[in-house]
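> return atomic coordinates for the entry below.
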Amino acid sequence: MKYYILPILLILFIVITACEDVIEVKLTDENIDLYAVEAKITTEDNPYVFFYHGIPVNENNSYPGVSGAKVIISDDSQPSKSIQLVENPEFAGQYIVAENDSFIGEIGKEYTLKIEYNDVTLTAKDNLFPVEPIDSIQVRPSLRGDKRFLAVFTYGNETPGIGDFYKWDLYINNTLLHEAEYLFFASDELVDGNYVENLEVFTDFHDPKEKSERKLQYMDSVYVKQTSISPFAYYFYYQLVNQSFSGSLFSVPTANIKGNFTSSDGKKVLGIFTAHDVSTSNIVVIDESIENQLDERP
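Below you'll find the model as predicted:
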């Protein structure tokens with residue numbers, strides 16, 4: 001991980017000398033009603049595809065799913081193996097494997113997702129890389145914050161050879177903590193081939209005076225899925241995190257994030273198709289022995 005720190009005098013100089021300009025932003029219809037896709041295939045579960053329309057940034061509506069599409073996932077085997085997904089009757093735009101069928105991801109394969117709708121074909125590819133098994137996790141006070149916040153730590157080997165990328169998904173009471181601000185992903189650049197211990201993949205920062213704001217509550221069950229991601233997915237998540245914190249003095253300009261989809265009509269497509277190997281950790285219950293480690297100062 002790399003941290004960038006500006007000298008405090010430079011920051012003060014920038015803030016004091018900054019001027020405020022009013023910028024008129026010209027909006028066009030070019031990026032209105034674009035197609036968007038959230039899709040993945042893993043070594044653990046059947047694939048999932050959500051095909052929907054993007055909405056303008058100034059709207060606060062739910063994303064409208066697109067029904068009636070032809071959705072096919074295939075691999076690069078010889079001959080190729082493929083499956084056509086069916087639409088979930090209870091969720092417009094969500095495409096899943098039909099009942100009594102299966103299509104689990106395999107390590108080393110490249111997968112192609114093709115969506116055909118209204119004479120337009122959307123296509124994306126991703127590679128499924130292996131991930132080392134996660135040894136275990138622990139929940140205890142964070143290394144930051146004077147023991148006021150719980151954190152989740154992982155332990156395990158890192159695969160020898162530079163060029164591996166990982167994402168850690170945290171589940172609390174079997175529910176994924178999915179918000180962008182809680183994304184945790186990394187490359188093996190600084191730890192290649194080592195045993196990695198005490199990797200703090202989540203810190204439950206909150207107002208100490210407001211215990212209801214805690215994500216990790218007493219008697220919650222917690223586990224982590226350690227997943228492989230491709231280099232493209234790594235940089236996609238990097239953009240996603242940058243955009244989730246846009247709006248500050250030093251943040252990146254607001255923009256659509258470049259995904260791995262192409263469209264036969266040449267228009268932009270939002271979203272990403274990812275392939276993951278998955279290793280699931282042990283389950284930890286936040287009991288009294290964990291709670292008693294916290295500093296309860298107001």
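> test my guess that T112 contacts T123.
Yes. Using Cβ atoms under 8 Å, T112 makes contact with T123 at a distance of 6.7 Å. Where C-beta positions appear, they are placed from N, C-alpha and C, glycine not excepted.
> neighbours around the residue nearest to V269 when sequence neighbours are not counted, how many?
Using Cβ to Cβ, 6 or more residues apart in numbering and skipping residues adjacent in sequence, the residue nearest V269 is F261, 3.8 Å away. The tally of other residues near F261 (other Cβ atoms under 10 Å) stands at 21.
> outline the domain layout of this protein.
32-129+256-274, 134-233+279-291 (automatic domain parsing).
> how close does S263 sit to Q217?
With the distance defined as Cβ to Cβ, to the nearest Å, S263 ends up 44 Å from Q217.
> any low-confidence regions in the stretch 151-298 of the chain?
For the stretch 151-298 of the chain, applying pLDDT under 70 flags the ranges 244-255, 297-298.
> dihedrals phi and psi, S263?
Backbone geometry at S263, expressed as degrees, to the nearest 10, gives phi -120, psi 140.
> scratch that, V284 is what I was asking about
Per degrees, to the nearest 10, the backbone of V284 is at phi -120, psi 130.
> that one contacts I137, correct?
Yes. Between V284 and I137 a contact is recorded at 6.1 Å, counting by Cβ under 8 Å.
> who has more neighbours, those two?
Neighbour count, other Cβ under 10 Å: between V284 and I137, I137 has more, with 23 against 19.
> pull the contacting residues for that one.
Neighbouring residues of I137 by Cβ atoms under 8 Å, 6 or more residues apart in numbering: V152, F153, T154, Y155, V222, Y223, V224, S281, N282, V284.
> just the buried residues out of the residues you listed, in PyMOL syntax.
Restricted to buried positions by 16 or more other Cβ atoms under 10 Å, the PyMOL selection for those reads:
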select buried, resi 152+153+154+222+223+224+281+284
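> ok, which of the domains of the chain comes nearest N242?
Checking these against N242 by Cβ to Cβ gives domain 32-129+256-274 as the closest, at 8.8 Å.
> what separates the closest one from the chain centre, distance-wise?
Mean-position distance between domain 32-129+256-274 and its chain equals 16 Å (Cα atoms, centre = their mean, to the nearest Å).
> as a markdown table, the contacts of I137 with distance to F129 and secondary structure would be great.
Formatted as a markdown table, these follow (distance: Cβ to Cβ, whole Å; DSSP: H, G, I helix; E, B strand; the rest coil):
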| residue | distance to F129 | secondary structure |
| --- | --- | --- |
| V152 | 23 | strand |
| F153 | 24 | strand |
| T154 | 18 | strand |
| Y155 | 21 | strand |
| V222 | 26 | strand |
| Y223 | 22 | strand |
| V224 | 18 | strand |
| S281 | 19 | coil |
| N282 | 23 | coil |
| V284 | 27 | strand |
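> so which of the contacts of I137 comes closest to L143?
The nearest member of the contacts of I137 to L143, counting by Cβ to Cβ, is F153 at 8.7 Å.
> coming back round to it: now do the shared contacts for V284 and I137.
V222, Y223.
> circling back: any chance of the domains of the chain in TSV, plus distance to Q239?
Conversion of the domains of the chain to TSV gives the following (distance: least, Cβ to Cβ, whole Å):
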stretch	distance to Q239
domain 32-129+256-274	5
domain 134-233+279-291	10
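> so which of the ones you listed comes closest to Q243?
domain 32-129+256-274 (6.1 Å).
> contacting residues around the residue most central in space within the chain?
Nearest residue to the geometric centre of the chain (Cα atoms, centre = their mean): L183, 5.5 Å. For L183, the contact set (Cβ under 8 Å, 6+ apart) comprises K167, Y237, L240, V241.
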